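Student: Predicted model and sequence follow; I will ask about them next.
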Amino acid sequence: MHEEIIISGFGGQGALFAGQLLAYAGMACDKHVTWIPSYGPEMRGGTAHCTVVLSDDPIGSPMVRHPSAVLALNLPSLDKYEDLVKPGGLLIYNSSLVSRTVDRGDVRVIPAPANAISLEETAPLLDGKPGDARLANVVMLGALVQATGLIPLQAIETALAEHLPARHRRWLEPNGRALRRGAAIAELALA
């Protein structure tokens with residue numbers, strides 16, 4: 001197994017954190033892993049991204065030109081990476097923020113309403129205020145893991161428990177539900 005993944009979204013959507021979770025979970029599953037974040041002006045609202053390579057064998061290069069999977073958290077990310085996914089690959093996009101369809105017929109496509117799910121899962125913790133979209137990255141990660149079988153979903157849950165900052169611990173249970181809902185979306189989409 002050798003998978004090259006790009007996770008991309010607006011700065012603040014958690015694309016880099018989703019990549020870290022995937023990398024931590026991969027290491028816990030005895031995979032060879034690279035994680036390369038993109039820092040810079042993207043963090044102020046532009047498109048931030050990271051690449052993650054998971055492999056059973058040593059990784060020759062961490063560079064990703066034609067990923068086997070892309071998680072696009074917003075329209076600019078879909079526009080930027082849609083054509084780069086290798087044929088037979090996987091493209092998961094946040095259908096809460098992307099209204100257009102994907103034109104490629106040579107890749108598996110999963111539209112995931114990640115923001116909508118995040119808002120539903122976080123609303124109960126916000127005392128009657130609208131929910132928070134910060135779990136959209138985890139919804140997308142759940143869809144990826146379910147669709148690819150890269151690692152067990154439980155490995156991501158464990159990585160969340162071990163690496164979610166202490167100030168965000170109250171979000172651990174909603175993150176777990178968001179992860180499982182993303183997995184369920186992928187299971188339905190690919191059935």
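Tutor: Sure, I can see it. Numbers count the residues shown, from 1 in each chain.
Student: Check which residues of the top helix by length along the chain are buried.
Tutor: The single longest helix within the chain, with elements called by DSSP state H, is helix 172-189. For helix 172-189, the neighbour count (16 or more other C-beta atoms under 10 Å) marks 174-183, 185-186, 189 as buried. C-beta coordinates here come from the backbone N, C-alpha and C atoms, glycine included.
Student: and Ala28, what is it in contact with?
Tutor: By C-beta atoms under 8 Å, 6 or more residues apart in numbering, the contact set of Ala28 is Ala155, Thr158, Ala159.
Student: From those residues, which land in helices?
Tutor: With helices taken from DSSP H, the overlap with the contacts of Ala28 comprises Ala155, Thr158, Ala159.
Student: how far away is the last one from Gly176?
Tutor: Shown here: Ala159 relative to Gly176, a distance of 11 Å by C-beta to C-beta, to the nearest Å.
Student: just Ile36 next, same as before
Tutor: From Ile36 to Gly176 the distance is 27 Å (C-beta to C-beta).
Student: these two touch, right, His2 and Ser55?
Tutor: Yes. His2 is within contact range of Ser55, at 4.3 Å (criterion: C-beta atoms under 8 Å).
Student: ok, the two, which is more surrounded?
Tutor: Neighbour count, other C-beta atoms under 10 Å: between His2 and Ser55, Ser55 has more, with 16 against 13.
Student: Run through the bridge partners of that one.
Tutor: Ser55 has these beta-bridge partners by DSSP bridges: His2, His32.
Student: contacting residues around it?
Tutor: Taking C-beta under 8 Å, 6+ apart as the test, what Ser55 contacts is Met1, His2, Glu3, Lys31, His32, Val33.
Student: go with 10 Å
Tutor: Ser55 is in contact with Met1, His2, Glu3, Glu4, Gly26, Lys31, His32, Val33, Thr34, counting by C-beta atoms under 10 Å, 6 or more residues apart in numbering.
Student: What helix or strand is the residue nearest the centre of the chain located in?
Tutor: The residue lying closest to the centre of the chain (C-alpha atoms, centre = their mean) is Leu141, at 3.6 Å. Secondary-structure element containing Leu141, defined by DSSP states H and E: helix 136-148.
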